[in-house]
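Undergrad: Build me a model from this:
(chains A and B)
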Amino acid sequence: MIIASNVSKQFGKLKVLDNVSVNCARGECIALIGPNGCGKTTFIKTILGMVVSDSGFITFNGKNIKHDWKYREHIGYMPQIGRYPENMTIGQVLDMMKDIRRRKDGNLDEELINMFGLKEILAKRMRTLSGGTRQKVSAALAFLFNPDVLILDEPTAGLDPVSSEILKEKIIAEKNKGKLVLITSHILSELDDLITQVIYMQEGKLWFHKSINELREDTGEEKLSKAIAKIMTQ
Amino acid sequence: MKKIIKYVVIDILRNKIVLGYTAFLLLISISIFNLEDNSAKGLLSLLNIILIIVPLVSLLFSAIYVYNSSEFLELLVSQPLKRKTIWLSLFTGLAASMAFAFFVGAGIPILLYEATPTGFMMLATGLLLSVIFVALAMLTTVIARDKAKGIGVVILLWLYFSIIFDGLILFVLFQFADYPLEKIMVGVTAFNPIDLSRILILLKMDVSALMGYTGAIFKDFFGTQLGLIISFLVLVTWVVIPAWLSLRKFKHKDL
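TA: This is a model prediction of the structure:
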């Protein structure tokens, strides 16, 4: 569904992405793992077209994303740090996004808005929100339009245990509907029951892209956290 | 595109600076027209104030506004929208707000007190100046990532167009006083929209007689239909080129 071929990106002298090629298929839940600053977020942003790659190309459903912007209709993106217009209320942000991204079938998924209790605080201004509540808004927006692809950058960072459980349930439910989920996280233990594949990056390079079962076989570890730790210390 | 313009305009109205600017212009123009017994004289006083205030407010407000909407831009770029649409909507929203503020604040008093060709000229150039400096501010913000740097550059731009440019011209004129520079001066004004606007308005007034030989040359060029059309084309170019450059830059910007 998403194919990246030899994507490279440089910020000044720093090579953030170095010839990254991956192939993400429908129905998979892929974890992007790697140390801090290895280019995970930049890679996600290139998929979204927020960062323009220096070389290489990315196709979404067979179309090069460089000359296409409509493909983003099929993506729900939850950023690492959700940044929203500060003097809008939650309700206004939600309404604005609905207005901008109105789907023809009017099919909206407001489950997370309800589950997170955002309905009760619609009148709160974005600048007054705590980090966790912001994350809830980001998550609710990512799932709102029933996209085929979900890109979640550190989705559970800053969420309380109850909300993070709600979000995990939601991710599993969406994955089971056959959607592609790309997820980055440093809390590997919570990825165990979510993911089907692992992409491991280091210093802008793609080290491997394997299914979780393969990884378990290769390292002889059942837990993802231990398997990755084994690879990182190798 | 309409939707985003709508949100930009709502947001600008909500932050009240533009409303304050409108009220300020209104206050100045009405008091000036009431102070002078002759409204043509009032127009002359208003001219100098407007040529200083309009570029300054357009530049500063737009630059700060674009920097403060970086979150909004980031949010929009990850949505199914063309970057071109996002940027042009932001530009249209800002330009429309600034132009509307000028129209209400200065345009309506001008139309009420001095609905002459001079008044109309002032209205037209004021509206164009508002838009020109919004475009210049947007070009600055897309080039300078850092907010403090960008706002510094914008203030320098304003200083350049309202003071330094004239100083340079005077310097050159005095240094080369022995050469016939009058015709070249007509061309040089194209490089400063504020000067161009000032000349266009002054030539509509009787005071142009005070400008000496250069004034006569200016009258020869700007007084004609063709000169007028060319001047307005130049002013429009001052909108189109910065806007186009900033759009080109924004399309490849990493957010």
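Undergrad: Name the residues of the one helix or strand A:Lys98 maps to that are buried.
TA: Using DSSP states H and E, A:Lys98 sits in helix A:90-100. Going by neighbour count (16 or more other Cβ atoms under 10 Å in any protein chain shown), the buried part of helix A:90-100 is A:90, A:92-94, A:96-98. To be clear about C-beta, it is placed using only N, CA and C from the backbone, and glycine gets the same treatment.
Undergrad: for chain B, what helix or strand is lowest in average pLDDT?
TA: helix B:212-222 (a mean of 76; mean pLDDT, DSSP states H and E).
Undergrad: and that helix, what does it pack onto?
TA: Using 3 or more Cβ pairs under 8 Å, 6 or more residues apart in numbering or on different chains; DSSP states H and E as the contact test, the elements touching helix B:212-222 are helix B:182-188, helix B:193-204, helix B:225-251.
Undergrad: Could you say which of those is packed most deeply?
TA: Highest mean neighbour count among these (mean count of other Cβ atoms under 10 Å in any protein chain shown): helix B:193-204, with a mean of 22.
Undergrad: Show me what that one is packed against.
TA: Helix B:193-204 sits against helix B:39-68, helix B:117-143, helix B:165-175, helix B:212-222, helix B:225-251, with contacts defined as 3+ Cβ pairs under 8 Å, 6+ apart.
Undergrad: Report the angle between the second one and helix B:193-204.
TA: Read that as helix B:117-143. 180 degrees (axes from the mean of the first three to the mean of the last three Cα atoms, to 10 degrees).
Undergrad: Helix B:117-143 vs chain A: in contact?
TA: No - for helix B:117-143, no contact with chain A is found by Cβ under 8 Å from any Cβ of the partner chain; the gap never falls below 13.9 Å.
Undergrad: Next secondary structure element downstream of that helix?
TA: helix B:147-159.
Undergrad: what does the stretch 1-150 of chain B have sitting close to chain A?
TA: Close to chain A, as judged by Cβ under 8 Å from any Cβ, the stretch 1-150 of chain B has residues B:3-4, B:7, B:11, B:14-15, B:68-72, B:74-83.
Undergrad: any idea which helix or strand comes after the helix or strand that contains B:Ile5?
TA: Using DSSP H and E, B:Ile5 falls within helix B:2-14. Using DSSP H and E, the helix or strand that follows helix B:2-14 towards the C-terminus is helix B:17-35.
Undergrad: Tell me where chain A has strands.
TA: A:2-11, A:14-24, A:29-33, A:55-60, A:63-64, A:75-78, A:149-153, A:180-184, A:197-202, A:205-211 (DSSP state E).
Undergrad: thought A:Ser53 was touching A:Lys15?
TA: No - contact criterion Cβ atoms under 8 Å: A:Ser53 and A:Lys15 do not qualify, at 12.0 Å.
Undergrad: For those two, indicate the residue with more neighbours.
TA: More crowded of A:Ser53 and A:Lys15, by other Cβ atoms under 10 Å in any protein chain shown: A:Ser53, with 25 against 16.
Undergrad: And that one, what's its pLDDT?
TA: If you check A:Ser53, the pLDDT there is 89.
Undergrad: Next, give phi and psi for it.
TA: Dihedral pair for A:Ser53: phi -70, psi 150, per degrees, to the nearest 10.
Undergrad: what about it, distance to A:Ala140?
TA: Distance, A:Ser53 to A:Ala140, using Cβ to Cβ, to the nearest Å: 30 Å.
Undergrad: mind showing which ranges of the chain have poor pLDDT?
TA: In the absence of a named chain, this looks at chain A. Where chain A drops to pLDDT under 70, the residues are A:103-106.
Undergrad: actually chain B
TA: B:206-212, B:214.
Undergrad: Please tell me how far the residue nearest to the spatial centre of chain B sits from chain A.
TA: Nearest to the mean C-alpha position of chain B, by Cα atoms, centre = their mean, lies B:Leu129 at 2.1 Å. As defined by Cβ to the nearest Cβ, to the nearest Å, B:Leu129 lies at a distance of 28 Å from chain A.
Undergrad: Skipping adjacent residues, who's closest to that residue in space?
TA: B:Val54 (5.1 Å; Cβ to Cβ, 6 or more residues apart in numbering or on different chains).
Undergrad: Tell me, how many residues neighbour that neighbour?
TA: Neighbours of B:Val54 under the rule other Cβ under 10 Å: 28.
Undergrad: Same check on A:Ile113?
TA: 21.
Undergrad: related to what we said a few turns ago, include distance to A:Ser8 when you put the helices and strands packed on helix B:212-222 into JSON lines, please.
TA: Converted to JSON lines, those look like this (distance: least, Cβ to Cβ, whole Å):
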{"stretch": "helix B:182-188", "distance to A:Ser8": "46"}
{"stretch": "helix B:193-204", "distance to A:Ser8": "42"}
{"stretch": "helix B:225-251", "distance to A:Ser8": "19"}
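Undergrad: Would you mind telling me which of those is nearest A:Ala4?
TA: helix B:225-251 (20.6 Å; Cβ to Cβ).
Undergrad: Show me what that closest one packs onto, helices and strands only.
TA: helix B:83-102, helix B:117-143, helix B:193-204, helix B:212-222.
Undergrad: One more pass at 6 Å, please.
TA: Packed against helix B:225-251 by the contact rule (3 or more Cβ pairs under 6 Å, 6 or more residues apart in numbering or on different chains; DSSP states H and E) you find helix B:83-102, helix B:117-143, helix B:193-204.
Undergrad: picking up where we left off before, relative to helix B:83-102, how tilted is the helix holding B:Ile5?
TA: 40 degrees.
Undergrad: can you list the residues of chain A near chain B?
TA: Within reach of chain B by Cβ under 6 Å from any Cβ of the partner chain, chain A has these residues: A:48, A:50-52, A:69-70, A:72-73, A:77, A:83-85, A:96, A:99-100.
Undergrad: Now do the helix of greatest length in chain A: everything it contacts.
TA: Secondary structure assigned by DSSP state H gives helix A:161-176 as the longest helix of chain A. Contacts of helix A:161-176 with the rest of the structure, by Cβ atoms under 6 Å, 6 or more residues apart in numbering or on different chains, involve A:29, A:115, A:139, A:155-156, A:181, A:194.
Undergrad: now, the most widely separated pair of these?
TA: A:Cys29 and A:Met115 (19.9 Å).
Undergrad: and the two? which has more neighbours close in?
TA: A:Cys29 (21 against 17).
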